[in-house]
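1. Test case, fold it:
(one chain, ligands or ions: 1)
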Amino acid sequence: MSFLTVRALSKHYGPVAALDDVSLDVRQGSRTAIVGPSGSGKSTLLRIIAGFEAADAGTVELDNATLVDGANAVPAHLRGIGIVSQDGALFPHLSIADNIAFGLDRRSPDRKKRIADLMALIGLDLAMLERRPHQLSGGQQQRVALARALARQPRLMLLDEPFSALDTGLREQMRQAVTQILGDAGITAVLVTHDQAEALSFADQVALMRGGRLVQRGTPRDVYFHPADRETALFLGDALILPAKLDGGTASTPLGCFPVAKHEPSGMAQILLRPEQIQLVPPDSGQPQLEILHAAFSGANWTLQLRLIDQPNHPPLHLRISGVDIPSTGSHVGLAVKGVAHVLEEAEMSQQQ
Ligand SMILES: Nc1ncnc2c1ncn2[C@@H]1O[C@H](COP(=O)(O)OP(=O)(O)OP(=O)(O)O)[C@@H](O)[C@H]1O
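-> Below is the predicted model:
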């Protein structure tokens, strides 16, 4: 059953449709990531749910109570919703203790204990309580922002790119910590991010936005391996997209024959392969041969530029794969595929990446 229910939400800024008929269901205790390119409407959706922005039309319900019905809206401070933004937005003139306590009742006898409990929850030393925000690192400040939002015991936590100002290592660490904290507290969370890896690893539901519309939602595996269209596929990660002739569960492509789901109808289509499905194999495997034109090393991955040997007019292919033993430039290789290739809906016959 849906805990947060968004129905037919629309919002225009002059001629710009920031949100166009967006509907979304979020289960209680779950984590949803709203992902999409810049300007796709993610923050507008979050701000309307939070109560910082008015909708033109549509409804938002939380736990069966109506928060938004067209232009009628419950004020933000009465919604029981916590929000953590990109910069944490801590009060610079207040100590860490006072920042966290901002959401607590001043007269509450267990105020000190609540602050200490929240500090323990976010993994910060009590010695930091008297510091000001600028005396903490970026990651520590984000933890305090989370504690301040948790202090109000929100029914729903909205996270608006909360990790984007942090560097890669810390970002991963914070994401895991926040996921754990929210999970332990059983708080329903909605994260807005333009980082697809963050969305896929944080959420149990991913909602993909483009041009003010919600174009797909599903589990991380669903949206990644079965994207609704080419744009979604490429937004969510690297992909090799190839023209194919489908017949009886096999796709014949310029790179060879690969399996697709048996129920796929015969005919011309485009298929999608994720890099993790692709293996370089020795060139005598019966598949078309490729020549490695260039191999660029970038740590965990290699980006290969490949040429189809018996199709000189075919544009070069780009493939990012991991591995320690990449054949050298000039070598000939074949491709093998693990699992099935995904068939994209569009019939358009353009080529790769
Ligand atoms: N206050 C505003 N006035 C006018 N236009 C706005 C306003 N807020 C947002 N927009 C426009 O609405 C569209 C959606 O913006 P929004 O901030 O929701 O996108 P976003 O997906 O969150 O982008 P980003 O990832 O860059 O933050 C954009 O075209 C943006 O320019």
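
2. use CA for all of it now, contacts and neighbours both
-> Will do.

3. Show me where the stretch 51-200 of the chain has its strands.
-> 57-62, 65-69, 72-73, 81-84, 156-160, 188-193 (DSSP state E, counting those that start in this stretch).

4. The ones you listed: which one's closest to the ligand?
-> With Cα to the nearest ligand atom, the closest approach to the ligand among those belongs to strand 188-193: 6.9 Å.

5. just to revisit the earlier point, would CSV of the strands of the stretch 51-200 of the chain with mean neighbour count be doable?
-> Converted to CSV, those look like this (neighbours: other Cα atoms under 10 Å):
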stretch, mean neighbour count
strand 57-62, 21
strand 65-69, 19
strand 72-73, 16
strand 81-84, 23
strand 156-160, 24
strand 188-193, 25
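
6. Reformat those strands as JSON lines; add distance to Ala296 and mean pLDDT.
-> Below are those laid out as JSON lines (distance: least, Cα to Cα, whole Å; pLDDT from 0 to 100):
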{"stretch": "strand 57-62", "distance to Ala296": "48", "mean pLDDT": "97"}
{"stretch": "strand 65-69", "distance to Ala296": "51", "mean pLDDT": "96"}
{"stretch": "strand 72-73", "distance to Ala296": "53", "mean pLDDT": "90"}
{"stretch": "strand 81-84", "distance to Ala296": "38", "mean pLDDT": "90"}
{"stretch": "strand 156-160", "distance to Ala296": "34", "mean pLDDT": "93"}
{"stretch": "strand 188-193", "distance to Ala296": "28", "mean pLDDT": "95"}
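
7. Adding distance to Met174, write the ones you listed out as CSV.
-> Converted to CSV, the strands of the stretch 51-200 of the chain look like this (distance: least, Cα to Cα, whole Å):
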stretch, distance to Met174
strand 57-62, 27
strand 65-69, 30
strand 72-73, 33
strand 81-84, 13
strand 156-160, 12
strand 188-193, 13
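
8. which regions of the protein lie under the pLDDT threshold?
-> For the chain, residues meeting the criterion pLDDT under 70 lie at 88, 285, 346-353.

9. Alongside the ligand, which residues does it contribute?
-> Residues of the chain lying near the ligand by Cα under 6 Å from any ligand atom: 13, 18, 37-44, 194.

10. Please pick the buried ones from these.
-> Among the residues of the chain next to the ligand, those classed as buried by 16 or more other Cα atoms under 10 Å are 18, 37, 40-44, 194.

11. now the residues of the chain next to the ligand as CSV including secondary structure?
-> Listed next are those as CSV, based on DSSP: H, G, I helix; E, B strand; the rest coil:
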residue, secondary structure
Tyr13, strand
Ala18, strand
Pro37, coil
Ser38, coil
Gly39, coil
Ser40, coil
Gly41, coil
Lys42, helix
Ser43, helix
Thr44, helix
His194, coil
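
12. what's the closest of the buried ones among the residues of the chain next to the ligand to Ile96?
-> Ser43 (27.0 Å; Cα to Cα).

13. show me what contacts the spatially most central residue of the chain?
-> With distances taken as Cα atoms, centre = their mean, Ala199 lies nearest the centre of the chain, 2.1 Å away. Contact analysis of Ala199 by Cα atoms under 8 Å, 6 or more residues apart in numbering lists 33-35, 191, 193, 206, 220.

14. If anything else comes up later, I'll come back, but that's it for now.
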